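**Q** coords below, sequence missing:
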């Protein structure tokens, strides 16, 4: 479904900027929710959510999942640096990244001429990061069979005039 809503190259490009900003914002916000300590390591809601998502991605599509984990590790390292700042800085950056990320997404969907996939199925929001990683893998020649499978499955979600 996600592929059918992201066929325009300009939309795809905007998502490569908007999605990381949104992921950054959400993870930064979730670092502010402490869950306790494990062996003197403070655990936050961000760590829990990240662990669950990465496990799901790696189990579902191993190669793409591993590369998606690397994407998240880079963003999370930046999140942890920013999370050391004062609360006003943290929340200002969270809000700014979240709003700018969504504006970029909606601009992309204006190019696409379709509303975002998550407005039809909210679970699509979790598909964005691994799908963006998959697009990069497809572009450099990896995971071709997965790309073909996704393209074939996406046809049923295309508008009537383009199917």
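**A** Yes, it's here. Just so it is clear, the structure is predicted and the values come from calculations on it, not from any experiment.
**Q** use CA for all of it now, contacts and neighbours both
**A** Noted.
**Q** And the most centrally placed residue in the chain, how close does it get to residue 70?
**A** The centre of the chain sits closest to residue 129, judged by Cα atoms, centre = their mean, with a distance of 2.8 Å. Separation of residue 129 from residue 70 (Cα to Cα, to the nearest Å): 11 Å.
**Q** Over to residue 11?
**A** Distance from residue 11 to residue 70, by Cα to Cα: 23 Å.
**Q** counting residues per helix, which one in the protein is longest?
**A** Counting residues, the longest helix found in the chain (DSSP state H) is helix 87-112.
**Q** Can you tell me which helices and strands that helix packs against?
**A** helix 9-30 (3 or more Cα pairs under 8 Å, 6 or more residues apart in numbering; DSSP states H and E).
**Q** ok, back up a step: tell me who's in contact with the residue nearest to the centre of the chain.
**A** For residue 129, the contact set (Cα atoms under 8 Å, 6 or more residues apart in numbering) comprises 19-20, 68.
**Q** hmm, back to that, what about residue 11 and residue 70, which has more around it?
**A** Neighbours per residue (other Cα atoms under 10 Å) separate residue 11 from residue 70, with residue 11 holding more: 21 against 14.
**Q** Report how many residues lie close to residue 36.
**A** Residue 36, neighbours per other Cα under 10 Å, totals 11.
**Q** List the contacts of it.
**A** By Cα under 8 Å, 6+ apart, the neighbours of residue 36 are 42-44.
**Q** now it: how far from residue 44?
**A** For residue 36 relative to residue 44 (Cα to Cα), the value is 7 Å.
**Q** In this protein, where is pLDDT below threshold?
**A** 161-163 (pLDDT under 70).
**Q** repeat that with 90
**A** 1-8, 114-127, 139, 141-163 (pLDDT under 90).
**Q** Write a PyMOL command that selects only the buried members of the contacts of residue 36.
**A** Selection of buried members from the contacts of residue 36 for PyMOL, criterion 16 or more other Cα atoms under 10 Å:
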select buried, resi 43+44
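**Q** Can you redo the contacts of residue 36 as TSV, where the extra columns are distance to residue 146 and secondary structure?
**A** Shown next, in TSV, are these (distance: Cα to Cα, whole Å; DSSP: H, G, I helix; E, B strand; the rest coil):
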residue	distance to residue 146	secondary structure
42	38	strand
43	35	strand
44	34	strand
